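**Student:** show me how the following folds:
(one chain, ligands or ions: 2)
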Amino acid sequence: MTPLTSPSRLLTRHLGYNVTFRQRFLNPVTSLPKQTQRKFTSVTAPDQAAAVTTQTLVTPSPESLGFEETSVKKVRRPIYLDMQATTPVDPRVLDAMLPYLTQHYGNPHSRTHAYGWEAEKAVEQARTHVAELIGADPKEIVFTSGATESNNISVKGVARFYKSSKKHIITTQIARLIDLNAFAESIRPDTSLVSIMTVNNEIGVTQPVEEIGRICRSKKIFFHTDAAQAVGKIPVDVNKMNIDLMSISGHKIYGPKGIGALYVRRKPRVRLEALQSGGGQERGLRSGTVPTPLVVGLGEACRIAKEEMQYDSERVKKLSQRLIDGIMSKVQHIVRNGDPNASYPGCVNLSFAYIEGESLLMALKDIALSSGSACTSASLEPSYVLRALGAEDDMAHSSIRFGIGRFTTEREIDLVVDRVVRHVDKLREMSPLWEMVQEGIDLKSIQWSQH
Ligand SMILES: Cc1ncc(COP(=O)(O)O)c(C=O)c1O
Ligand code: FES
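**Tutor:** Ligands and ions are numbered 1, 2, ... in the order given. Coordinates of the predicted model:
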């Protein structure tokens with residue numbers, strides 16, 4: 001077991017994570033502490049920060065950073081099962097980032113000194129890691145602030161560049177599996193771009209990206225995919241899938257928030273109008289100083305994802321099945337939303353008939369969950385995705401998303417199953433609808449009136 005002395009471990013401990021517990025669930029083959037430890041020692045102690053490169057390198061003690069071990073132990077946090085909203089930063093990612101916050105803080109665009117060069121080298125190394133994960137050339141990777149910005153640059157950038165000749169863009173709001181014939185028919189001579197989510201964030205449905213890409217290429221239309229929920233979790237290859245533009249987010253793959261990437265194909269070349277003007281960084285597509293520590297974090301997250309994808313995916317699949325079987329075997333009238341044969345297993349969206357999703361969420365306050373997507377939980381509207389899928393309003397209202405990830409454990413899943421079963425039973429006991437169903441009344445035969 002790695003000694004708990006690294007800056008990142010102190011930080012994670014400070015934040016209340018159970019570090020030893022996390023370490024146990026890292027891939028034992030690739031998470032060897034050797035490299036991590038080497039990196040820890042390259043961080044200067046606070047009182048030596050001014051000395052430049054020749055100082056003695058020491059690891060700060062917990063006390064020198066102001067942490068008290070005992071107080072941290074008291075922190076009890078809910079079980080985190082909301083991995084589609086965001087993921088925790090992998091401690092290895094944080095370890096890779098820290099030296100670029102403390103010691104190698106140069107501007108990667110500074111050409112006149114070593115600080116700039118070392119930062120630039122790290123940025124380029126990270127660009128290679130991102131590219132390798134998706135089968136791209138590093139020159140095709142543009143760093144952005146996240147998938148939202150990458151989506152904006154893709155869609156608005158193409159639309160503005162081709163505004164005079166090709167005014168039509170095809171996209172879909174919903175998570176239903178796309179009907180490829182209907183899709184091909186919707187393409188017009190003035191269509192410039194097709195934009196589709198690879199994996200939907202609400203119910204985890206995966207799209208037939210390869211087929212969509214083939215159709216787009218044959219019709220010479222650019223294909224953009226928002227792969228924020230897919231990259232690093234399922235295999236994505238931009239060449240095999242004929243993807244021309246792809247959005248990636250750091251914080252969905254155990255990297256930091258505020259960083260993402262946009263893949264932009266060079267052959268055949270995608271033409272875009274930049275949305276932001278300034279210093280012309282990132283091939284003029286995204287002006288602004290590239291944030292070295294965040295970029296290094298994204299790069300490391302991609303490197304780990306490539307190496308551990310199979311391991312992670314098998315674990316997540318097993319946990320997902322354990323959750324579904326555990327709940328379904330003990331509670332009736334549950335619908336799993338989405339197509340289980342074309343879904344990312346780490347996203348389990350269940351509708352619990354006869355109870356309100358929001359009441360269940362509140363009852364399950366020691367589990368961090370979401371009702372459908374972030375947008376829907378803010379508005380409390382039944383999710384448009386579930387509505388579009390044909391779920392009736394009462395079922396759409398009762399849906400909960402369970403997001404499983406790299407650091408989720410069997411014990412957590414068992415606890416969640418136990419709590420969900422207990423609270424669904426309890427809420428149903430209080431539900432007049434449930435009582436009617438128990439009495440054999442067909443709810444559809446009732447005419448509800450509102451005053
Ligand atoms: C499919 C999808 N696209 C885009 C985003 C936004 O990504 P970011 O926070 O990196 O802008 C999210 C997550 O919220 C997402 O799930
Ligand atoms: S459209 Fe943003 S989370 Fe649903």
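**Student:** just want the most central residue of this structure.
**Tutor:** With distances taken as CA atoms, centre = their mean, residue 252 lies nearest the centre of the chain, 2.0 Å away.
**Student:** show me where pLDDT drops low in the stretch 251-400 of the chain?
**Tutor:** Counting by pLDDT under 70, the stretch 251-400 of the chain shows low-confidence ranges at 372-397.
**Student:** list the contacts of the closest residue to ligand 1 within it.
**Tutor:** Closest approach between the stretch 251-400 of the chain and ligand 1, counting by CB to the nearest ligand atom: residue 260, at 4.7 Å. For the C-beta atoms, the positions are set from N, CA and C on the backbone; glycine is no exception. Applying CB atoms under 8 Å, 6 or more residues apart in numbering, one finds that residue 260 lies in contact with 143-150, 228, 247-250, 298.
**Student:** pull up the distance across stretch 180-196, start to finish.
**Tutor:** End-to-end span of stretch 180-196 (CA to CA, to the nearest Å): 12 Å.
**Student:** what's in contact with it?
**Tutor:** 151, 154-155, 158-159, 162, 165-172, 178, 207-209, 211-212, 215-216, 219, 221-226, 245.
**Student:** which of those count as buried?
**Tutor:** Buried members of these, scored by 16 or more other CB atoms under 10 Å, are 151, 154-155, 158-159, 162, 166, 168-170, 172, 178, 207-209, 212, 215-216, 221-226, 245.
**Student:** any of the contacts of residue 260 buried? List them.
**Tutor:** For the contacts of residue 260, a neighbour count by 16+ other CB under 10 Å gives the buried set as 143-147, 149-150, 228, 247-250, 298.
**Student:** including secondary structure and distance to ligand 1, could the residues you listed go into CSV?
**Tutor:** Supplementary listing: the buried ones among the contacts of residue 260 in CSV, determined by DSSP: H, G, I helix; E, B strand; the rest coil; distance: CB to the nearest ligand atom, whole Å:
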residue, secondary structure, distance to ligand 1
143, strand, 12
144, strand, 8
145, coil, 7
146, coil, 3
147, helix, 3
149, helix, 6
150, helix, 8
228, coil, 4
247, strand, 6
248, strand, 8
249, strand, 3
250, helix, 7
298, helix, 10
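**Student:** look up phi and psi at the closest residue to residue 145 other than its chain neighbours.
**Tutor:** Excluding its sequence neighbours, the residue lying closest to residue 145 (CB to CB, 6 or more residues apart in numbering) is residue 258, at 5.6 Å. When quoted as degrees, to the nearest 10, the phi and psi of residue 258 stand at phi 90, psi 10.
**Student:** contact partners for residue 441?
**Tutor:** Counting by CB under 8 Å, 6+ apart, residue 441 has no contacts.
**Student:** element containing it?
**Tutor:** Taking DSSP states H and E as the definition, one finds residue 441 inside no helix or strand.
**Student:** repeat for residue 365
**Tutor:** Secondary structure (DSSP H and E) places residue 365 outside all helices and strands.
**Student:** could you pull up the residues touching the residue nearest to it when sequence neighbours are not counted?
**Tutor:** Distance criterion CB to CB, 6+ apart; nearest residue to residue 365, sequence neighbours excluded, is residue 78 at 7.0 Å. For residue 78, the contacting residues are 365-368, by CB under 8 Å, 6+ apart.
**Student:** just the buried residues out of those residues, in ChimeraX syntax.
**Tutor:** Selection of the buried residues among those in ChimeraX, burial being defined by 16+ other CB under 10 Å:
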select :367,368
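**Student:** picking up where we left off before, phi, psi for the residue of the stretch 251-400 of the chain closest to ligand 1 please.
**Tutor:** Torsion angles, degrees, to the nearest 10, at residue 260: phi -160, psi -170.
**Student:** about what we covered before: ok, the contacts of residue 260 vs ligand 2, which is closest?
**Tutor:** residue 148 (9.1 Å).
**Student:** list of residues touching the host helix or strand of the closest one?
**Tutor:** In this structure, residue 148 sits in helix 147-161 according to DSSP H and E. The contact list for helix 147-161, computed with CB under 8 Å, 6+ apart, reads 142, 144, 167, 169, 171, 192-193, 195, 222, 224, 226, 228, 245-249, 252, 260-262, 270-275, 285-286.
**Student:** just the ones in strands from the residues you listed, please.
**Tutor:** Per DSSP state E, strands hold the following members of these: 142, 144, 169, 171, 192-193, 195, 222, 224, 226, 245-249, 260-262.
**Student:** spatially nearest residue to residue 436, not counting backbone neighbours?
**Tutor:** residue 443 (6.4 Å).
**Student:** cool, and residue 100?
**Tutor:** Spatial nearest neighbour of residue 100, chain neighbours left out: residue 293 (4.1 Å); criterion: CB to CB, 6+ apart.
**Student:** rewinding a little: restrict the contacts of stretch 180-196 to those near ligand 2?
**Tutor:** Near ligand 2, taking CB under 6 Å from any ligand atom as the test, no member of the contacts of stretch 180-196 is found.
**Student:** could you look up the SS state of residue 181?
**Tutor:** Classification of residue 181 using DSSP: H, G, I helix; E, B strand; the rest coil returns helix.
**Student:** number of nearby residues for it?
**Tutor:** 8 (other CB atoms under 10 Å).
**Student:** for it, give its distance to residue 193.
**Tutor:** 20 Å (CB to CB, to the nearest Å).
**Student:** next one: residue 157
**Tutor:** As judged by CB to CB, residue 157 and residue 193 stand 9 Å apart.
**Student:** with residue 104 instead?
**Tutor:** 39 Å.
**Student:** would you mark the buried spots in stretch 294-310?
**Tutor:** Across stretch 294-310, burial judged by 16+ other CB under 10 Å covers 294-306, 308.
**Student:** distance from the chain centre to that stretch, please.
**Tutor:** Centre-to-centre, stretch 294-310 and its host chain are 13 Å apart (CA atoms, centre = their mean, to the nearest Å).
**Student:** CA atoms of that stretch as PDB?
**Tutor:** Below are the C-alpha coordinates for stretch 294-310, written out as PDB (Å, rounded to 0.1, in the frame of the first residue of the first chain):
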ATOM      1  CA  LEU A 294      -5.700  21.100 -16.800                       C
ATOM      2  CA  VAL A 295      -4.500  19.900 -20.100                       C
ATOM      3  CA  VAL A 296      -1.900  17.600 -18.400                       C
ATOM      4  CA  GLY A 297      -4.800  16.300 -16.300                       C
ATOM      5  CA  LEU A 298      -6.900  15.600 -19.400                       C
ATOM      6  CA  GLY A 299      -4.000  13.900 -21.100                       C
ATOM      7  CA  GLU A 300      -3.300  11.700 -18.100                       C
ATOM      8  CA  ALA A 301      -7.000  10.800 -17.800                       C
ATOM      9  CA  CYS A 302      -7.000   9.800 -21.400                       C
ATOM     10  CA  ARG A 303      -3.800   7.800 -21.000                       C
ATOM     11  CA  ILE A 304      -5.300   5.900 -18.100                       C
ATOM     12  CA  ALA A 305      -8.600   5.400 -19.800                       C
ATOM     13  CA  LYS A 306      -6.900   3.800 -22.800                       C
ATOM     14  CA  GLU A 307      -4.900   1.500 -20.700                       C
ATOM     15  CA  GLU A 308      -7.700   0.500 -18.300                       C
ATOM     16  CA  MET A 309     -10.800   0.700 -20.500                       C
ATOM     17  CA  GLN A 310     -11.300  -3.000 -20.600                       C
END
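**Student:** thank you, goodbye.
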